[in-house]
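**Q** show me the folded form of this:
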Amino acid sequence: MIRRTLAALLSLTAVLVLAACGEKQDVTTVPATQPVKLMLDYLPNADHAGIYEAIGNGAFARAGLKVEPLTPSDPAAPLKLLEAGKVDIAISYEPELLLARDKGVKLVAIAALVQRPLTSIIALPHAKVRTASDLAGKTIGTAGIPYQSDYLKTILAKAGVDPSSVKEVNVGFNLVPAMLSKKVDATLGAFWNVEGVQLQRAKRNPVIIPVDQVGVPTYDELVVVVREETARKRGPYLRAFLRAMAEGHEALRKDPARGVKPLLAANPDLDAADTLAQVQKTLAAFFPVDKTRPWGYQDEGEWSNYGAWMYQNKLLSKPGLPTSLTNEYLPGQGIVPANSPGSA
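**A** Numbers count the residues shown, from 1 in each chain. The predicted structure is shown next:
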């Protein structure tokens with residue numbers, strides 16, 4: 001565990017002594033207002049509602065943090081910019097982090113923003129795809145991300161579908177237009193909580209099959225990532241950041257209609273009704289299924305299973321990446337996996 005003596009904590013931060021005997025002391029503020037450059041994974045959308053609520057309701061400010069969300073030029077940029085020290089914290093995807101660490105990049109996930117896969121197979125009624133077995137003989141559009149091709153292979157194998165009967169087409173991020181134009185019969189890569197909800201609200205009656213329901217091991221779709229050096233040296237700062245994040249998500253869960261307003265203000269291009277529906281659909285995925293765990297908790301066993309799947313599919317050069325995550329800085333936590341960046 002990162003060494004954090006009581007004296008050091010008291011000199012740097014205000015602490016909250018939890019009422020229950022033996023529970024962990026949690027940092028609630030940092031010494032003075034500190035700027036935080038937070039790189040999002042994409043344009044502000046429903047997945048980021050809790051972040052913007054933490055800004056809008058003052059949770060970050062109360063923690064002594066001035067958070068500036070930034071949008072990337074492309075989804076591959078956040079981890080590169082984080083590694084280069086251009087931003088302080090990044091939102092990215094569990095598979096992207098595992099791929100980066102496999103190449104020796106010294107980054108670590110400190111929280112799960114979205115606790116389950118959002119990536120889904122989506123099809124419209126004309127394609128006559130109701131289950132994964134119905135993909136036989138179909139054309140499937142993907143975003144051209146390598147591990148999505150492996151998702152498709154895994155799904156087809158589990159469904160007993162001959163992969164040679166399925167045509168995969170890279171449509172980039174034009175997943176919904178490719179379906180609407182009938183260029184493809186179905187897509188793999190759109191999110192059930194964003195594109196799926198949009199199609200439902202447009203009364204297109206989509207079939208939506210999350211990938212973890214058809215053979216792909218579950219994983220955290222979005223994670224909060226920092227440099228290992230930051231994880232080792234700036235514990236109070238990270239603990240304050242994550243506590244404010246947790247407060248933002250709790251407030252969003254309590255009142256989604258009010259909580260979504262800071263997000264809509266940040267991205268006026270969003271449709272208010274669609275965004276509220278997307279946020280409401282996503283709420284459960286912002287929190288662990290195990291209600292005894294805090295917001296942001298990352299399940300080491302799930303990470304291990306998913307990492308093993310990536311290795312089996314030759315996406316990783318080694319099967320075990322125990323240092324990819326830490327729960328050290330989550331509210332009430334402090335126990336981390338062996339050999340993690342948060343351990344001594």
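
**Q** pull the longest strand from the chain.
**A** Criterion DSSP state E: the longest strand present in the chain is strand 107-114.

**Q** what is the rounded mean pLDDT of the helix or strand following that one?
**A** Next along the chain after strand 107-114, taking DSSP states H and E as the criterion, comes strand 119-123. In this model, strand 119-123 has an average pLDDT of 98.

**Q** who does strand 119-123 pair up with?
**A** Using DSSP bridges, strand 119-123 pairs in its sheet with strand 186-191 (antiparallel), strand 207-210 (antiparallel).

**Q** dump those to CSV, plus mean pLDDT.
**A** Shown next, in CSV, are the strands paired with strand 119-123 (pLDDT from 0 to 100):
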stretch, mean pLDDT
strand 186-191, 97
strand 207-210, 98
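
**Q** just say which of these is most tucked in.
**A** Burial of the strands paired with strand 119-123 is given as mean neighbour count (mean count of other Cβ atoms under 10 Å); strand 186-191 ranks first at a mean of 26. Using the backbone N, CA and C atoms, a C-beta is placed for each residue, glycine as well.

**Q** so what touches it?
**A** Outside of strand 186-191, the residues within contact range by Cβ atoms under 8 Å, 6 or more residues apart in numbering are 47, 118-123, 127, 129, 135, 138-143, 145, 148, 151-152, 155, 171, 175-176, 178-179, 196, 211, 221.

**Q** that strand to strand 107-114, inter-axis angle?
**A** For strand 186-191 against strand 107-114, the angle by axes from the mean of the first three to the mean of the last three Cα atoms, to 10 degrees is 100 degrees.

**Q** convert strand 186-191 to CSV, retaining C-alpha atoms only.
**A** These are the backbone C-alpha positions of strand 186-191, laid out as CSV (Å, rounded to 0.1, in the frame of the first residue of the first chain):
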residue,chain,number,x,y,z
ALA,A,186,-26.3,-5.3,-37.5
THR,A,187,-23.5,-3.5,-35.7
LEU,A,188,-21.1,-4.4,-32.9
GLY,A,189,-19.6,-1.4,-31.2
ALA,A,190,-22.5,1.0,-30.4
PHE,A,191,-23.6,1.4,-26.7
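
**Q** list the contacts of the residue most central in space within the chain.
**A** Taking Cα atoms, centre = their mean as the criterion, residue 222 is the residue nearest the geometric centre of the chain, at 0.8 Å. Residue 222 is in contact with 41, 47, 91, 92, 93, 94, 112, 113, 114, 118, counting by Cβ under 8 Å, 6+ apart.

**Q** highest neighbour count among those?
**A** residue 112 (29 neighbours; other Cβ atoms under 10 Å).

**Q** ok, which stretches of the chain are strands?
**A** 15-16, 26-27, 34-39, 65-70, 89-92, 107-114, 119-123, 139-142, 167-170, 186-191, 207-210, 222-227.

**Q** what helices and strands are in contact with the fourth one?
**A** It refers to strand 65-70. Using 3 or more Cβ pairs under 8 Å, 6 or more residues apart in numbering; DSSP states H and E, the elements in contact with strand 65-70 are strand 34-39, helix 49-56, helix 235-254.

**Q** for residue 265, find the nearest of the ones you listed.
**A** Evaluated over the helices and strands packed on strand 65-70, closeness to residue 265 peaks at helix 49-56, with 7.6 Å, by Cβ to Cβ.

**Q** just checking, what packs against that closest one?
**A** Applying 3+ Cβ pairs under 8 Å, 6+ apart, one finds that helix 49-56 contacts strand 65-70, helix 235-254, helix 256-259, helix 261-266, helix 272-282.

**Q** tell me which of the ones you listed sits most buried.
**A** Most buried of the helices and strands packed on helix 49-56, by mean neighbour count (mean count of other Cβ under 10 Å): helix 235-254, with a mean of 24.
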